[in-house]
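Novice: sequence and predicted structure, then a few things I'm wondering about:
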Amino acid sequence: MTRTTSTLRRTVAGVPLALLLALGAVSCDRNDNDLPLIAGGDAERGRAVIKKYGCNTCHTISGVAGADGLVGPPLTGIAQRMYIGGVARNTPENMVAWIQNPKQFDSKTAMPNVGVTHRDAVDIASYLYTLK
């Protein structure tokens, strides 16, 4: 093996590590300009139906009276997080799907499927995206 080939291999081998380090330096939070909007969602209705499904018993949720649960993570700031449940990109489609059936994303999640309808999931997600 020539000296040039050896140097090239070391350089190429270091690229993935350098890329990971660079990505690690990037913030995992969104800024206000990147917050998703859900077409047809009613955030105020979503805030009201959160209690219907018992979300308030497991989560602390800003703006929802009695939502001071400690089982699941607090949902304050969920709008700015990059991931939902640590496994799915935080997009409107994934948020709605997670609310309806979280086990499709992570079979080991403690969050149960509580039978949230699609309409209610859209409205709940719309409310959650107001939580900065």
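Specialist: Yes, it's here. Numbers count the residues shown, from 1 in each chain.

Novice: can you pull up the most central residue in this structure?
Specialist: I84 (2.2 Å; Cα atoms, centre = their mean).

Novice: that residue bridge partners, please.
Specialist: Counting by DSSP bridges, I84 forms beta bridges with A88.

Novice: and the gap between G72 and G85?
Specialist: 9 Å (Cβ to Cβ, to the nearest Å). Heads up, the C-betas are built off the backbone N, CA and C, glycines and all.

Novice: I meant to write T117 there.
Specialist: On the measure of Cβ to Cβ, T117 and G85 end up 20 Å apart.

Novice: ok, now V71?
Specialist: V71 is 14 Å from G85, by Cβ to Cβ.

Novice: more neighbours: which of the two?
Specialist: More neighbours surround G85 than the other of V71 and G85, with 17 against 9 (other Cβ atoms under 10 Å).

Novice: what residues do G72 and G85 have in common as contacts?
Specialist: Contact criterion Cβ atoms under 8 Å, 6 or more residues apart in numbering; residues shared by G72 and G85: M111.

Novice: show me the shaky parts of the chain.
Specialist: The chain contains residues with pLDDT under 70 at 1-37.

Novice: go with 80
Specialist: For the chain, the stretches flagged by pLDDT under 80 are 1-39.

Novice: what ranges does it have for its helices?
Specialist: 3-24, 43-49, 55-58, 92-100, 118-128 (DSSP state H).

Novice: what's the second one in contact with?
Specialist: What that stands for is helix 43-49. G63, V64, D120, V122, D123, I124, A125, S126, Y127, L128, Y129, T130.

Novice: neighbours of the second one, how many?
Specialist: By that I understand V64. 19.
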